[in-house]
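Colleague: Pasting the sequence and the predicted model now:
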Amino acid sequence: MLQADAEQIFDAKCAMCHTKTMPTDRANMFAPPLMGVMRHVKMAYPNKEDAVNFMVDYVQNPTKEKSICMPQKIAKFGLMPSQKGNITPEELKEVAEWMFDNFPPANFVGRGMKNRPTFSSFDTNGDGKITPKEFTAFQNAHMQSRMGQRGQMKNSNGMMSTRKNRSSFTDFDLNNNSVITKDEFLKVRAKKQAARAKAGYPMYNAVNALSFESIDKDSNGKITLDEFNNRYNF
Ligand code: HEC
């Protein structure tokens, strides 16, 4: 199927709710705009195949549990009504691929990110507000979603993902013994969330949304580097 066809299907079946550009009048929004949806989908599913599979399933069988949408968005818009019957699974797959390939557009800056301070404006004297590590983690997450867009995140040994995961893993591994205990996980997460809240940032960091149990795949009470790196593979 041609790109244009996939876009036409989107226009006919999805665009009445998911606008392709940022609406100027938020009061008339029925659903998150397409670029916001895709930003979040890519944060949770950086590689294309996973993202497309997720979307094909979600659009037909949406549930709160599966949703990668921020809870406040669901509270605002309600859960998406199932599109089963409105669109065939084949069409849906084409549309999902088109969405992944084209959104968010390269120049998209998410809400709440426009006025983000630069690194130099971060407080680096360790008073616990925003650490450089957190800034790096944010940057890497951003890069990860951009790279996912180009379909390059499949290789978990890729330089980018290694760099990203190394820095975040050490964030959590407080005593540097190469495993993260639940205690460490909760402590660091609480600290990160407090810092974020204090700085007025939205809670979009995907790490914060995952539970310890969902990362600790073998349920032995410790998160290894491997498990941490695979935390988005459910
Ligand atoms: C009647 C309005 C409506 C239509 C039509 C609609 N959506 Fe949605 N969609 C929503 C709402 C509301 C949300 C946010 C709440 C949620 O995630 O369930 C959403 C969320 C999503 C998400 C994010 C899933 C997640 O995990 O939160 C995807 C992907 C999506 N829609 C794709 C589509 C596609 C593809 C179509 C067209 C086939 C479509 N939607 C048609 C209302 C709609």
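Modeller: It's in.

Colleague: residues from this protein in reach of the ligand?
Modeller: Residues of the chain found near the ligand (Cβ under 6 Å from any ligand atom) are 13-14, 16-18, 30-32, 37, 41, 55, 58-59, 62, 67-69, 73-74, 77-81, 83, 87, 95. Placement of C-beta: from N, CA and C, glycine included.

Colleague: now do 5 Å
Modeller: Residues of the chain lying close to the ligand (Cβ under 5 Å from any ligand atom) are 13-14, 17, 31, 37, 55, 58-59, 62, 67-69, 74, 77, 79-80, 83, 87.

Colleague: residues touching residue 178, list them.
Modeller: The neighbours of residue 178, taking Cβ atoms under 8 Å, 6 or more residues apart in numbering as the test, are 224-225.

Colleague: and it, what pLDDT?
Modeller: Listed pLDDT for residue 178 reads 88.

Colleague: go on, the one 4 residues further on?
Modeller: According to the model's per-residue confidence, residue 182 sits at a pLDDT of 89.

Colleague: what about the residue nearest to it when sequence neighbours are not counted, distance to residue 219?
Modeller: Nearest residue to residue 182 in three dimensions, chain neighbours excluded: residue 212, at 4.8 Å (Cβ to Cβ, 6 or more residues apart in numbering). Taken as Cβ to Cβ, to the nearest Å, the spacing of residue 212 relative to residue 219 amounts to 10 Å.

Colleague: The two - which one has more neighbours?
Modeller: residue 212 (17 against 7; other Cβ atoms under 10 Å).

Colleague: how close does that one get to residue 85?
Modeller: Counting by Cβ to Cβ - residue 212 and residue 85 are separated by 39 Å.

Colleague: quick revisit: ok, now which ones touch the residue nearest to residue 182?
Modeller: Counting by Cβ under 8 Å, 6+ apart, residue 212 has contacts 182, 185-186, 223.

Colleague: in the protein, which helix or strand is least confident?
Modeller: In the chain, no helix or strand scores lower on mean pLDDT, DSSP states H and E than helix 206-209, which sits at a mean of 53.

Colleague: which parts of the next helix-or-strand element following that helix are buried?
Modeller: Next in sequence after helix 206-209, counting helices and strands by DSSP states H and E, comes helix 212-215. Neighbour-count burial for helix 212-215 flags 212, 215 (criterion: 16 or more other Cβ atoms under 10 Å).
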